[in-house]
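A.B. asks: Sequence below, structure please.
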Amino acid sequence: MINVLKKMLRQELGTQKYSEYADSIKNNIKQSARDTSEIFNGIYAQLREKEAEELEKVQENLNASLLASFKIGKEYLGTFLVYVIAFFILGTYTVQLVAVPGILLLSVLFLLKTYEYVVNKFCYVDARMVLIFRAALERVLLEQGRKIKPTE
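C.D. replies: So this is what the prediction gives:
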């Protein structure tokens, strides 16, 4: 599982550019620097080469990825509650031959959901890059005189 912001950024920027920008952000964190102009200029130049239809798809993809990222965070509490309730129901089940494999399967699925939540919740580098990407996209769209669609 990969976090949804990283997946979107790799798709739009390419794996090599994504890695370069991520390394640059990580180095800025270590040096307590906030200069991201090089990343912004690189993304801006890449987006500027795209046609209007492509930019619209990029914007839709960005909005969908942001929405998916927020949904993962919102839905985790419900997932946790369902896990706890199901765990106790299966734990009180009298036929242990069924209950134990059910609890194990439920626990594995819950661990996968927890991993997805943690990866998407604590992705500072990707979140920072998305902010830069969004700013560059908005600038390109404004220069083209196109309307910026709000995030749903």
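A.B. asks: Report all helices and strands that the longest helix that the chain contains contacts.
C.D. replies: Secondary structure of the chain per DSSP state H: the longest helix is helix 52-91. Applying 3 or more C-beta pairs under 8 Å, 6 or more residues apart in numbering; DSSP states H and E, one finds that helix 52-91 makes contact with helix 4-13, helix 96-121, helix 124-143. Every C-beta, even on glycine, is put in place using the N, C-alpha and C of the backbone.
A.B. asks: Select, out of these, the one closest to residue 67.
C.D. replies: Comparison of the helices and strands packed on helix 52-91 against residue 67 by C-beta to C-beta identifies helix 4-13 as nearest, at 9.1 Å.
A.B. asks: what's the angle between that closest one and helix 52-91?
C.D. replies: Angle, helix 4-13 to helix 52-91, by axes from the mean of the first three to the mean of the last three C-alpha atoms, to 10 degrees: 160 degrees.
A.B. asks: roughly how far out does helix 4-13 sit from the chain middle?
C.D. replies: Shown here is helix 4-13, whose average C-alpha point lies 8 Å from the average C-alpha point of the whole chain (C-alpha atoms, centre = their mean, to the nearest Å).
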